[in-house]
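# give me a 3D structure for the following:
(one chain, ligands or ions: 2)
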Amino acid sequence: MNLLQLFDLSLIARRDAVGLEWNGKSYTFGEIEERSNRTANALEARGFRKGDRLCVHLSNRIELIDLFLACVKLGVIFVPINILYRQREIAHITGDAEPREMITEAELPLTSDRRERPLESLDGDTPAAIIYTSGTTGPSKGAVLTHNNFAVNAINLLACWQISRDDRFLLALPLFHIHALGNGLHCWLLSGCRMRLLERFDHRTAADEFLDFQPTLFFGVPTIYVRLLDAPPEIAQTMRLFVSGSAPLPPHVFDEFRRRFGQTILERYGMTEAFMIASNPYAGERRAGTVGFAMPGMSVRIIDGELQVRGPTVCAGYWGRESFDGAWFATGDLASMDEEGRITLLGRKSELIISGGFNIYPREIEELLLEQKGVREAAVVGVADPIRGEVPVAYFAGDAAPEDLDRVCRDQLASFKMPRRFVRLESIPRTALGKVQKHLLKS
Ligand code: MLC
Ligand code: AMP
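Ligands and ions are numbered 1, 2, ... in the order given. Presented below is the predicted three-dimensional model:
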């Protein structure tokens, strides 16, 4: 079965039910079906055919859903780009994915008078999306995500987290990442529940959205749960399940959340290349500081401390590069597993910094700094932050002015990658072999 056949459980079988709330308006599944048909016909008229790539640089909005569904209907590969990315970051993705077009707000609305659904034959191995993940070394790579990957991930979550058409789902995460796209959008479309989509999570208005919509289901990153600790207890009155993922949830936040709201956050673990790998149980103990058990269908093992995974949600490979072909996928996450199979993450093999759930590879910032006059050496490290988890700090050697480096980074990097400080040193500490000693900078 391809994804569309699963989405039809909502788009067709629940056509008269309200499926979406966006920007103060409600839409039935039938209206969503028709909107996306029109968008698909518009894309087809612009020359899009099965296998073409469509880059989309948009923040959350209904047109982003129209575009995703249109791509699924045509077999066009959807390539979402982080809305916070600047020219340098976007150019890398468009250079690699070679899309037929990139859609930004300026191209909207993208619609046609033709309302019938275009017919394309697609099987489960057809790529549905490519999501770029910041590479540990070298440039970021596009994970090729198939219909089967998305389908199995969502079916797993519906079963494991008991998501049904009776849920009211509040989605505030950005749709350009696997968390909102793979988990959020797909759980909505497969369950046929009612979803309220927000442009983004804003801690100043979040409580009002909860009180007004009265959700039962919410997905967040740890920064969001830290922010919600300031919200009134009533926000959780109608809630059935809060899920956290994308970065480690500090146990004190888990505890405080339970005290304040009487809700035990369910923490799960995933990554773009493998979708959801492990989850705490819905029934049974949700243990703080652990990510629970491997998802159904997923095999996990730990080799030299690193978690490896194999199963139906591991993606096909990297666009234009290697194919994974059913092999064990090395996650780069260090982990331990107890006799029962409960997994605890212990850190990462690479220097990846996760800030507010967004990934930052220090090397990308270091390379930009080294391109600047007056920078001989550069090293970026993550330092602990009570709200975002970690934030980047840049150290450099040379006579460049920190204000100039600040300006260059602000111009060329997504805002979440901005170093909080630029610290000048005589030289960057290195081992006898010349390797930068980042642990010395962190302390
Ligand atoms: C953050 N900003 C956004 C934004 N999110 N701007 C536009 N759209 C968004 N979606 C910008 C703000 O403008 C601001 O920029 C800065 O980020 C911080 O904003 P804030 O208001 O202070 O936000 P805060 O309360 O700290 O919350 C940030 C956040 C955001 C939690 C809302 O970090 C976020 O949406 N994170 C989710 C990331 C995510 O979905 N990751 C999943 C990856 S997939 P400025 O310029 O003013 O500083 C993955 C696999 C898995 O990891 O397992 O899921
Ligand atoms: P991404 O490349 O954006 O898909 O991010 C994937 C990475 O997020 C994983 O490799 C982990 O390092 C991290 N991650 C996801 N969920 C969790 C979690 N519950 N706890 C700790 N880290 C997590």
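
# how about the stretch 101-250 of the chain: which residue is closest to ligand 2?
Residue nearest to ligand 2 within the stretch 101-250 of the chain: Pro248 (3.9 Å; CB to the nearest ligand atom). All C-beta atoms are positioned from the backbone trio N, CA, C, and that covers glycine.

# wait, that residue sits on Val221?
No: counting by CB atoms under 8 Å, Pro248 does not reach Val221; the two are 10.2 Å apart.

# out of these two, which sits in the busier spot?
Val221 (22 against 18; other CB atoms under 10 Å).

# roughly how far apart are whichever residue of the chain sits closest to ligand 1 and ligand 2?
Residue of the chain nearest ligand 1, by CB to the nearest ligand atom: Gly356 (2.8 Å). From Gly356 across to ligand 2, the span is 12 Å (CB to the nearest ligand atom, to the nearest Å).

# for the protein, what are the low-confidence residue spans?
135-138 (pLDDT under 70).

# buried stuff in the longest helix along it?
When the chain is parsed with DSSP state H, its longest helix is helix 29-45. Within helix 29-45, the residues that qualify as buried are 29-44, counting by 16 or more other CB atoms under 10 Å.

# swap in stretch 102-121?
Applying 16+ other CB under 10 Å to stretch 102-121 flags 102-103, 107, 110-111, 117, 120 as buried.

# likewise stretch 245-260?
In stretch 245-260, counting by 16+ other CB under 10 Å, buried: 245-250, 253-254, 257, 260.

# what are the phi and psi values for Ala397?
Ala397 adopts backbone torsions of phi -120, psi 140, taken as degrees, to the nearest 10.

# find the nearest non-adjacent residue to it, please.
Glu377 (4.3 Å; CB to CB, 6 or more residues apart in numbering).

# straight-line length of stretch 430-443, end to end?
Stretch 430-443 stretches 15 Å from its first residue to its last (CA to CA, to the nearest Å).

# tell me which element Arg321 falls in.
Element membership for Arg321 (DSSP states H and E) is empty, with no helix or strand holding it.

# you'd agree it is up against Ala143?
No: Arg321 is not in contact with Ala143 according to CB under 8 Å; the separation is 10.3 Å.

# which of these two has more residues huddled nearby?
Ala143 (24 against 10).

# does the helix or strand hosting the more buried one come close to ligand 1?
Secondary structure from DSSP H and E places Ala143 in strand 141-146. No: taking CB under 6 Å from any ligand atom as the criterion, strand 141-146 and ligand 1 are apart, separated by no less than 10.7 Å.

# which residues touch that strand?
77, 79, 93, 96-97, 124-133, 135, 178, 182, 272-273, 275, 315-321 (CB atoms under 8 Å, 6 or more residues apart in numbering).

# among those residues, which lie within strands?
Using DSSP state E, 77, 79, 127-133, 275, 317-318 are the members of the contacts of strand 141-146 that sit in strands.

# now distance to Glu199 too, for the residues you listed, in JSON lines please.
Converted to JSON lines, these look like this (distance: CB to CB, whole Å):
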{"residue": "Ile77", "distance to Glu199": "25"}
{"residue": "Val79", "distance to Glu199": "21"}
{"residue": "Pro127", "distance to Glu199": "28"}
{"residue": "Ala128", "distance to Glu199": "24"}
{"residue": "Ala129", "distance to Glu199": "21"}
{"residue": "Ile130", "distance to Glu199": "24"}
{"residue": "Ile131", "distance to Glu199": "20"}
{"residue": "Tyr132", "distance to Glu199": "22"}
{"residue": "Thr133", "distance to Glu199": "24"}
{"residue": "Phe275", "distance to Glu199": "25"}
{"residue": "Gly317", "distance to Glu199": "33"}
{"residue": "Tyr318", "distance to Glu199": "30"}
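
# for the residues you listed, which one is nearest Gly347?
Taking CB to CB as the measure, Gly347 lies nearest Thr133 of those, at 18.3 Å.

# quick check: the closest one touching Tyr361?
No: using CB under 8 Å, Thr133 makes no contact with Tyr361, being 9.5 Å away.

# residues in contact with the closest residue to Thr104 other than its chain neighbours?
Once flanking residues are discounted, Thr104 sits nearest to His57: 5.0 Å by CB to CB, 6+ apart. Neighbouring residues of His57 by CB under 8 Å, 6+ apart: 81, 83, 85, 90, 102-104.

# for burial, what's the neighbour tally of His92?
Neighbours of His92 (other CB under 10 Å): 16.

# Asp404: which of the contacts of His57 is nearest?
For these, the nearest to Asp404 is Tyr85 (22.1 Å; CB to CB).

# so which helix or strand takes in the closest one?
Per DSSP H and E, there is no helix or strand for Tyr85.

# report the separation between it and Leu405.
20 Å (CB to CB, to the nearest Å).

# among these two, which residue is more densely surrounded?
Regarding Tyr85 and Leu405, a neighbour count based on other CB under 10 Å identifies Leu405 as having more, with 23 against 19.

# that one contacts Tyr395, doesn't it?
No: taking CB under 8 Å as the definition, Leu405 is not a contact partner of Tyr395, at 10.9 Å.

# sorry, back to before: filter the buried residues of helix 29-45 down to the ones close to ligand 1.
Okay, of these, nothing touches ligand 1 (CB under 6 Å from any ligand atom).

# helices along the protein, start to end?
Using DSSP H, helices in the chain cover 3-11, 29-45, 62-74, 87-97, 147-161, 178, 186-191, 206-213, 222-228, 251-261, 362-370, 402-412, 438-442.
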